[in-house]
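Q: what's the 3D shape of this:
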Amino acid sequence: VPARTEKMAKRLTHVVTASLLSLKEAFSRLEPGHFARLVQPAIEEAIRREAPHGEMWSLVMRPFLPWALKRVIVELQEHIEDVLDLQEVVLSAFLRDRVVLVE
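A: Numbering: from 1, shown residues only. As a prediction, the model looks like this:
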């Protein structure tokens with residue numbers, strides 16, 4: 001079975017990406033404001049932790065962050081297929097967790 005893992009994974013990837021899931025449709029269902037509120041705390045924490053003078057930048061960005069995150073979500077809704085290769089993500093997940101293919 002291990003020798004056929006990649007072939008099986010490619011078939012399952014095709015089923016998932018062609019038949020079950022449209023990435024553009026899934027992203028179009030996101031409500032940008034709600035999603036922005038969900039990710040804002042993690043983004044602020046990353047700014048504080050990773051950016052030079054992160055505490056200051058976090059405070060400066062806070063009033064603008066909801067607007068900026070909403071714009072990012074809207075752009076992703078329009079261009080998600082240019083940014084994310086769903087087929088590659090699904091295939092690599094199947095190949096990484098080969099047990100899923102066997103069961």
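Q: can we go C-alpha only for contacts and neighbour counts from here?
A: Will do.
Q: Need the residue closest to the centroid of the protein.
A: Leu84 (7.4 Å; C-alpha atoms, centre = their mean).
Q: how many neighbours does the closest residue to Arg71 other than its chain neighbours have?
A: Across the structure, with C-alpha to C-alpha, 6 or more residues apart in numbering as the measure, the residue nearest Arg71 apart from its sequence neighbours is Pro32 (7.8 Å). A count of nearby residues for Pro32, using other C-alpha atoms under 10 Å, gives 22.
Q: How about the contacts made by Pro32?
A: By C-alpha atoms under 8 Å, 6 or more residues apart in numbering, the contact set of Pro32 is 69-71, 73-74.
Q: where along the chain do the helices fall?
A: In the chain, helices defined by DSSP state H lie at 5-14, 23-28, 32-50, 54-61, 65-83, 86-96, 98-102, listed in chain order.
Q: is it possible to export those to TSV including mean pLDDT?
A: Conversion of the helices of the chain to TSV gives the following (pLDDT from 0 to 100):
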stretch	mean pLDDT
helix 5-14	75
helix 23-28	84
helix 32-50	95
helix 54-61	95
helix 65-83	93
helix 86-96	78
helix 98-102	59
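Q: Buried among the contacts of Pro32? Need that as a selection in ChimeraX.
A: To isolate the buried ones among the contacts of Pro32 in ChimeraX, judged by 16 or more other C-alpha atoms under 10 Å, type:
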select :69,70,73,74
